[in-house]
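[1] Okay, here's the prediction I keep looking at, along with the sequence it came from:
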There are 4 protein chains.
Amino acid sequence: MKDIHAMAPPRGSLRLRRVGVAGLKKPLVVARPEHLTTLTATFSVAVDLPSDRKGSDLSRNAQVLAEVVDQTSTHPVSGLEAACSVIAEVLLDRHPSARESAVHATAEYFLARGISEERRSLENYLLIADARAYRAEDGAVSVIRTIGVEAVGMTACPCAMEGCREQLTREFPLLADPSLAELPIVTHNQRNRTRLSIELPAGIEVEADEMISVVESAQSSPTYAILKRGDEAQLVLNAHRHPRFVEDVVRELLSHTGRQFPQLPDSAVVTAETRSEESIHKYDVEASHSATIGELRAGSSRP
Amino acid sequence: MKDIHAMAPPRGSLRLRRVGVAGLKKPLVVARPEHLTTLTATFSVAVDLPSDRKGSDLSRNAQVLAEVVDQTSTHPVSGLEAACSVIAEVLLDRHPSARESAVHATAEYFLARGISEERRSLENYLLIADARAYRAEDGAVSVIRTIGVEAVGMTACPCAMEGCREQLTREFPLLADPSLAELPIVTHNQRNRTRLSIELPAGIEVEADEMISVVESAQSSPTYAILKRGDEAQLVLNAHRHPRFVEDVVRELLSHTGRQFPQLPDSAVVTAETRSEESIHKYDVEASHSATIGELRAGSSRP
Amino acid sequence: MKDIHAMAPPRGSLRLRRVGVAGLKKPLVVARPEHLTTLTATFSVAVDLPSDRKGSDLSRNAQVLAEVVDQTSTHPVSGLEAACSVIAEVLLDRHPSARESAVHATAEYFLARGISEERRSLENYLLIADARAYRAEDGAVSVIRTIGVEAVGMTACPCAMEGCREQLTREFPLLADPSLAELPIVTHNQRNRTRLSIELPAGIEVEADEMISVVESAQSSPTYAILKRGDEAQLVLNAHRHPRFVEDVVRELLSHTGRQFPQLPDSAVVTAETRSEESIHKYDVEASHSATIGELRAGSSRP
Amino acid sequence: MKDIHAMAPPRGSLRLRRVGVAGLKKPLVVARPEHLTTLTATFSVAVDLPSDRKGSDLSRNAQVLAEVVDQTSTHPVSGLEAACSVIAEVLLDRHPSARESAVHATAEYFLARGISEERRSLENYLLIADARAYRAEDGAVSVIRTIGVEAVGMTACPCAMEGCREQLTREFPLLADPSLAELPIVTHNQRNRTRLSIELPAGIEVEADEMISVVESAQSSPTYAILKRGDEAQLVLNAHRHPRFVEDVVRELLSHTGRQFPQLPDSAVVTAETRSEESIHKYDVEASHSATIGELRAGSSRP
């Protein structure tokens, strides 16, 4: 059969940076420290296309995903980013004319968490992973992996809290009593969605579960599915005792990340992104920043 | 050319209840009391298909939408539900073998609103409209219209507020002072999305703007784009002085609707749906109910 | 602590039809004939609320989901609809003042399928399940379950094919040669999304895998992740040899369903819904219909 | 009132790259050559935050949007990208401590198009615009604008067409007759979504309508809402006479763009992104590339 993909494209054609498949869903079996878990993962994979080829052999992409991911039912991988890394390498192997490959995957993920031991149930988080493989002139392949997590928690606004304190103190003069100085004051609070991504150097690993804990500690409070009445109050009070702007969430998150992962070299790049679905507005507020672990470590020791 | 649609389907074929087009976008020009406004509307329109026809002439649906909607640039309609009503009738006219037609449309809508006169800006709402036309045996056509609105506002939880009051009073005994009895207490608050739909009898009209006001009065507080610092506190305090479950929102909304629209007959059906994007959970809470205006009027006079 | 939910609402309050939680995600372990599989399921659960209670104890809903679903990691269920049925019953048990409960769940689902044995890989489908439990005056509880599946496949349009045949025959008179009477002719084809739902009487089961096969046989062709070049041609030719309108897909699907499941009583209600993401338009076309198995059986034997 | 935003954050805090509001919806009145049109636009706007400030004054962002966008009802702008550019500059003005601002907006857009003059109706497209403003050390502000469009059209696959030709020729030997050499052969075709973005140097303008035409000419065929039977065949045949991979779409699009806009300097950056919602797969295929106009001009003259 005529190989249309391998034909020469029109004169003067460009090399294309990315050609691939997107939104391909697969079950991925991951071995966690204590047990196996099956993720429903969504993959996008692509390679570049040289200027002298008309098309990329996209069926190879689906084939690679089937080989690598389907076989985890018998040979589990250690994590979503590990799967992406293997896929990125095998892609370069199957596309001999490509110089780089890119893999992106997301999956819902569950951890047993609760406001107390007896309230624990499976809470949902999002895993995000990327891997990019590059083939050097000498054929050597290098891979850059990124591991990411997203957790939904709560933020309570420190600014509206201060405004309410002032208005309420005018209306209720007793509020100025020193014994009430630490009384949590009403403010707007809301669902907050925060993402942490870390670019992993070869041979260095970071646990997604630990990243999720770092994200939750940067929000005003984590949230839970099961909250009996006393628990609701406890969670609300916790959030109001840690009022945070989206700006605070990003800075807290980056600062914790700089201290929490000693295995990361100074050159590793970290990205924090947060979005609060404001209860007082119809729109969201966002903050984001990227920095190297070295900058974060310097920052936390800076006077 | 052979008319495939008009061919007989296989023996024993069923009449089909709905065949149509979905997700067709159009600009619709609406004449409001004070000005013209252009909505970006999304339409789905369908008719039934008799058992002796293989296919429905779907190009007629797109043609009807083009005729009715495109011409509003020169001949504006009075509202989204008025446009749907005309479309439903014209559809029956163009599909002589159909007995019923169904039109559904949604559009973002804007009103100048603010926490005070000098903070007014254009806030976004959603309009939803439905129309169903029926052809009787004698050829007479009747249309049932439904007008709907959705507003995003805020709810503050009365239960967590009570729980926090109890825990805080143990920690801050001065809180029990009678002068603080009305002090707003912290709770979780969140974005709330509430929808009101009213089935309109022939000849009866209801203003979408008035429906939006009724929805906003049923939430703990409306929300606004522009809030300077004092405004934020005012909105937060307002919401905490009207703590409401989703159950409260639905009951408030239905009760207000029963009183607010004297032009509606007792037989008109009203539906209220609300969804709070809980700040303390990763999931939403919902409530909904349908009732006739007659039931709502009886309820509000019930002891 | 004061029980706000149990308090009396304002005078003349309505009973509410639905109060619940929505969008709660959980991993659900299902025992399939040959193996265990973990679904990432999304649940919405609700009960009614009597007129004399202010609020519904929503934390019980999350608690029930945690109990029933989390324990499937050690005690797998037979299917998504079986899980929903248990949840609906337990909800009524935990909400003594409720008269009905409603559970809705969806989950991505995977089956090993391929255009040939050596091309098999895990293809993704959607499972949809509903269960409603009712408590009679005498306390007896009955449950109505619905099992649904959605499959993405392909439709090829019979009408444009006929139009192209006529235009092409004018341009290429040789096309009229009788030896080419069966030649597949170009038309528009597209991604089609079709859903089949069956209301299951007590004690009657239907396999989701079998329902998926019925859906795929009603489309012009199923689709697959892995298609080498010859396979692509085979799939395209198969689709063009079974050109189908959305109307045809619904009728085929209902007709097959009437014959395929002898265990269903005549009273069981079946719903077919299909949506083609038309390649020649920016909008979709849809068809849907509901019928009893009895009607479908009569139809298929009707002359 | 205490200004929480202006307070010093904890020691060693980072400057943050982006803090802003997202998903704010507004009607925007645009003056087109022949008429006024109202877009329903969605805006995200952000600025950076210096390391010595705790928070960004986000209410100013909503205020700027209200001022600039709401006033277009009386003072229309020339386009979405013009509005974004003004917003980016005013943002820097209102955030004196910021060094850069970023504005992103999207809006549905309509043009009267049709397969023939008498079939014209309003077809929907997407406008995308970005503007970034930078404040230099000396206070001078520069703005980089990007204008983008997205059009939904159709692609027909050249590879499956070749595979089908080979299989069909074996089955129908008459197909090898030279008079049928140009006969369009069946293949899979599908909805394709293609986006073109151009970074505009100061003082240079490009018409969105012209960009949309360039995108549509890069697809196998544009698509239309109204297609009577003969029209459907004409569109299908047109697409099958221009079979294109996503790779072809990107290369065609970049190549046309290099020739179509003489007003652009060689340094202007162009990005093409395309996604085909494959009818033979459950997933999409994608291609994308960025290049300077200079590279594209050199390419089209390259032997």
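    The structure has been received and is ready for your questions.

[2] Please make it C-alpha for all contacts and neighbour counts, starting now.
    OK.

[3] residues contacting the closest residue to A:Leu14 other than its chain neighbours?
    Leaving out its chain neighbours, the residue that sits closest to A:Leu14 by C-alpha to C-alpha, 6 or more residues apart in numbering or on different chains is A:Ser51, at 4.8 Å. Applying C-alpha atoms under 8 Å, 6 or more residues apart in numbering or on different chains to A:Ser51 gives the contacts A:9, A:12-16.

[4] could those residues be laid out in CSV, adding pLDDT?
    Formatted as CSV, the contacts of A:Ser51 follow (pLDDT from 0 to 100):
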residue, pLDDT
A:Pro9, 87
A:Gly12, 71
A:Ser13, 85
A:Leu14, 91
A:Arg15, 95
A:Leu16, 97
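
[5] Which residues does the lowest-mean-pLDDT helix or strand in chain A contact?
    Using mean pLDDT, DSSP states H and E, the weakest-scoring helix or strand in chain A turns out to be helix A:293-301, at a mean of 85. Helix A:293-301 is contacted from outside by A:254-255, A:257-259, A:264-270, D:11-14, using C-alpha under 8 Å, 6+ apart.

[6] ok now do A:Tyr160, which residues does it touch?
    Rather than Tyr, residue A:160 is Ala. By C-alpha under 8 Å, 6+ apart, the residues touching A:Ala160 are A:187-188, B:229, B:232-233, B:236.

[7] which of those residues has the weakest pLDDT?
    Ranked by pLDDT, those bottom out at B:Arg229 (79).

[8] measure A:Pro222 to A:Met154 for me?
    Going from A:Pro222 to A:Met154 by C-alpha to C-alpha, to the nearest Å gives 6 Å.

[9] Give me the common contacts of these two.
    Overlap of the contact sets of A:Pro222 and A:Met154 (by C-alpha under 8 Å, 6+ apart) consists of B:Ile280.

[10] if you count what's nearby, which of those two comes out ahead?
    Comparing A:Pro222 with A:Met154 by other C-alpha atoms under 10 Å in any protein chain shown, the one with more neighbours is A:Met154, at 33 against 27.

[11] Give me the three-state assignment for A:Ser267.
    Put simply, A:Ser267 is coil when judged by DSSP: H, G, I helix; E, B strand; the rest coil.

[12] I'd guessed it sits against A:Gly258; true?
    No: look at A:Ser267 against A:Gly258 with C-alpha atoms under 8 Å: they stay out of range, at 11.5 Å.

[13] And A:Glu34, how close does it get to chain C?
    Relative to chain C, A:Glu34 is positioned 13 Å away (C-alpha to the nearest C-alpha, to the nearest Å).

[14] residues touching A:Arg53, list them.
    Residues near A:Arg53 by C-alpha under 8 Å, 6+ apart: A:5-9.

[15] For my notes, confirm it occurs in a helix.
    No: under the criterion used here (three-state DSSP), A:Arg53 is coil, not part of a helix.

[16] Report the rounded mean pLDDT for stretch A:196-205.
    95.

[17] near chain D, anything from that stretch?
    No: using C-alpha under 8 Å from any C-alpha of the partner chain, stretch A:196-205 stays clear of chain D, coming no nearer than 14.9 Å.

[18] Return the set of buried residues in that stretch.
    For stretch A:196-205, a neighbour-count test (16 or more other C-alpha atoms under 10 Å in any protein chain shown) marks A:196-201 as buried.

[19] So which residues lie in contact with that stretch, not counting its own?
    In contact with stretch A:196-205 (C-alpha under 8 Å, 6+ apart) are residues A:143-150, A:206, A:211, A:215, A:253, A:263-265, A:268-273.

[20] In PyMOL, how would I select just the buried ones from the residues you listed?
    Applying 16+ other C-alpha under 10 Å to the contacts of stretch A:196-205 leaves a buried subset, and the PyMOL line that selects it is:
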select buried, chain A and resi 143+144+145+146+147+148+149+150+211+215+253+264+268+269+270+271+272+273
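
[21] List the strands paired with the host helix or strand of A:Gly148, with their directions.
    Taking DSSP states H and E as the criterion, A:Gly148 maps to strand A:141-156. Using DSSP bridges, the strands paired with strand A:141-156 are strand A:121-135 (antiparallel), strand A:189-200 (antiparallel), strand A:221-222 (antiparallel).
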